[in-house]
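Visitor: The amino acid sequence is not available; the structure is as follows:
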């Protein structure tokens, strides 16, 4: 019986979905699930539900719960991570403090101040999981769902474990493209490559016919464009369709949330269509609604078909050798040749009995790689800051963030980061009492006497031209 440890199993609905997918796979129905979370309040609900599904469907699966991560990992064949360090309390600070400074986030889990601080909280934990795995289940495969995906998997890429980061952005975007071009999803041939939440469909075709001319034509029509204005604008100007929706993408670039005019023009759809704090609002609503209620009490105990999530298909492929192709997040190592080797790239991965195998995609279009790099620069410094506990590196990471830098000065960014580090201290032990060094404004008196210093060469040339003109 294979052992699947789910670290962060308090994510009730998502945990339930993954477990049902595995149970619905005939070759995997005898799985032993170990649900781990800091408390058993939610995992006990998942176990009670799963036990009823197992009993009703005559399955061989078993479920247990624990609050001890090492106990969960011991002897595991597969490890699924889906935790959120600090929960909604930390997320509230990720959203509200930047908003006070004028940085308006819709989702706040991938880039920007919210994404960076989520990484600072989560990377030390995921590295602890990896170290425990190296000791307790060195041959296990880690399937990561923790965001920010690219930063988490960048850190995992520096460990010795087998891992892959999983997201459903490619599948769901392909559904959207299918609707736009009027062709069934399973008939579309495509290549998607880039970074998580900023992957590019570099090829889209149907029976050898390029679908891009049709898709470009659709996005020039208001009735199509209005559904995805941010993604549509990036598509129109950069030439390729991308894997994330308006709410997400609007945070990764500097053009759509930097002022009220841009927000009104591009981010005026409700909720995840661009609304400020949409994801925080949704998480708060769900947490409050089910605080005292069992979210699974009215769920059916019938075993449903597998969902669109990749997890069960990957485990099936690794167990049986039935090859499965999916979009995965791994250390780049040449998968995309015009992105850094050490970053986390997202592209086609094949799973079979021998393991996980990245494909070599080569270069993606240069403008797409360049936009990816604006995010990769932030990711690099955020991972370094999470591991080193250096507050200056946090400031520098967020100073390079496209949205933040379009709104704030360097001094304002430093002040915001300092406030966030103070507010989230309980979840950031690697920083101790260290905070960014103060950089107060330098007051310049009106009658200042300038110090005698060498003149800037450009100013010297300008000054000399002025002398010659006289």
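Guide: Now that the structure is in, tell me what you want to look at. Predicted, not measured: the structure shown is a model, and the values here were computed from it.

Visitor: Which pLDDT value belongs to residue 286?
Guide: pLDDT for residue 286: 85.

Visitor: and if you look at residue 418?
Guide: Model confidence at residue 418, expressed as pLDDT, equals 98.

Visitor: Check residue 274 too.
Guide: Residue 274 carries a pLDDT value of 93.

Visitor: That one bridge partners, please.
Guide: Note on residue 274: beta-bridge partners by DSSP bridges are residue 269.

Visitor: Surely it and residue 264 touch.
Guide: No. Under the criterion of Cβ atoms under 8 Å, residue 274 makes no contact with residue 264, lying 10.0 Å away. C-betas here are computed from N, CA, C, even on glycine.

Visitor: Among the two, which residue is more densely surrounded?
Guide: The neighbour comparison of residue 274 against residue 264 (other Cβ atoms under 10 Å) goes to residue 274, with 26 against 9.

Visitor: tell me the contacts of the more buried one?
Guide: For residue 274, the contact set (Cβ atoms under 8 Å, 6 or more residues apart in numbering) comprises 106, 230, 246, 247, 250, 256, 263, 266, 267, 268.

Visitor: In PyMOL, select just the buried ones from these.
Guide: The buried subset of the contacts of residue 274, as determined by 16 or more other Cβ atoms under 10 Å, is captured in PyMOL by this line:
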select buried, resi 106+230+246+247+250+256+263+266+267
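
Visitor: Would you mind giving the contacts of residue 274 as TSV with pLDDT, secondary structure and distance to residue 99 added?
Guide: TSV is the format used below for the contacts of residue 274 (pLDDT from 0 to 100; DSSP: H, G, I helix; E, B strand; the rest coil; distance: Cβ to Cβ, whole Å):
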residue	pLDDT	secondary structure	distance to residue 99
106	97	coil	11
230	96	helix	19
246	89	helix	18
247	92	helix	15
250	97	coil	14
256	97	coil	16
263	96	helix	12
266	96	helix	18
267	95	coil	14
268	93	coil	18
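
Visitor: Which of the contacts of residue 274 sits closest to residue 278?
Guide: In terms of Cβ to Cβ, no member of these lies closer to residue 278 than residue 106, at 5.1 Å.

Visitor: So the closest one versus residue 279, what's the distance?
Guide: Noted for residue 106: a distance of 7 Å to residue 279, by Cβ to Cβ, to the nearest Å.

Visitor: Give the other helices and strands that the helix or strand hosting residue 384 contacts.
Guide: Taking DSSP states H and E as the criterion, residue 384 maps to helix 366-388. Helix 366-388 sits against helix 112-136, helix 149-156, strand 189-195, strand 198-206, helix 229-238, helix 391-399, with contacts defined as 3 or more Cβ pairs under 8 Å, 6 or more residues apart in numbering; DSSP states H and E.

Visitor: Residue 163: what's it in contact with?
Guide: Going by Cβ under 8 Å, 6+ apart, residue 163 touches 130, 141, 142, 143, 144, 153, 156, 157, 330.

Visitor: which residues does the second one contact?
Guide: What that stands for is residue 141. Going by Cβ under 8 Å, 6+ apart, residue 141 touches 77, 78, 79, 162, 163, 164, 314, 318, 355, 356.

Visitor: again with the fourth one
Guide: In this structure, residue 143 makes contact with 78, 79, 80, 81, 163, 164, 166, 311, 314, 315, judged by Cβ under 8 Å, 6+ apart.
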